[in-house]
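[1] okay, sequence plus prediction incoming.
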Amino acid sequence: MNIAFPLQLAIALVSTIALAWYPLAVYANENIISSAQIGAILMTLNALAGYLTIEKSFLRENSVFYKYVFGGMIARMFFLCAIFFLIIKLFRIDTTALIASMFFYYVVYTVLEIQYIQKKHSVQQNISS
């Protein structure tokens, strides 16, 4: 397994935490900070699950690859929704901060995931040629 994608996730996570640290420390309360942290953790775990799905299915035929990737996306989305509603019901968190954090990391990690798939595909094409 290649650690390039998990490393990119770690760099993105640490960078965004470093950029958000001061504004959150000055303008946000503990509830908002913990809600944003929960969102970041959930989306990081989601991206890692996507990475594992890609790695497991990459060298298989296209139809199997798409079933794994898109089926995995649907399964991960349902899992995230269930966890999201469970967290809201069980804990007193700031839902706006949770949703904003989850959306932000979803966009960042999706861009990284698409770049990873494209790079992996082009490397595989060069090896095949």
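    Happy to help now that I have it.
[2] count the neighbours of residue 111 for me.
    Residue neighbour count, defined by other CB atoms under 10 Å, stands at 11 for residue 111. In short, each C-beta sits where N, CA and C put it, glycine included.
[3] now do the helix or strand where it lies, average pLDDT.
    According to DSSP states H and E, residue 111 maps onto helix 95-128. Averaged across helix 95-128, pLDDT comes to 89.
[4] and that helix, what's buried?
    When neighbours are counted by 16 or more other CB atoms under 10 Å, the buried residues of helix 95-128 are found to be 97-98, 101-102, 104-106, 108-109, 112-113, 116-117, 120.
[5] what's the answer for stretch 2-20, then?
    Applying 16+ other CB under 10 Å to stretch 2-20 flags 5, 8, 9, 12, 13, 16, 20 as buried.
[6] how about residues contacting it?
    36, 40, 44, 47-48, 51, 55, 104-105, 108-109, 112-113, 116, 120 (CB atoms under 8 Å, 6 or more residues apart in numbering).
[7] same check, this time on stretch 111-129
    Residues external to stretch 111-129 that are found in contact with it (CB under 8 Å, 6+ apart): 2, 4, 5, 8, 9, 12, 47, 50, 51, 54, 58, 59.
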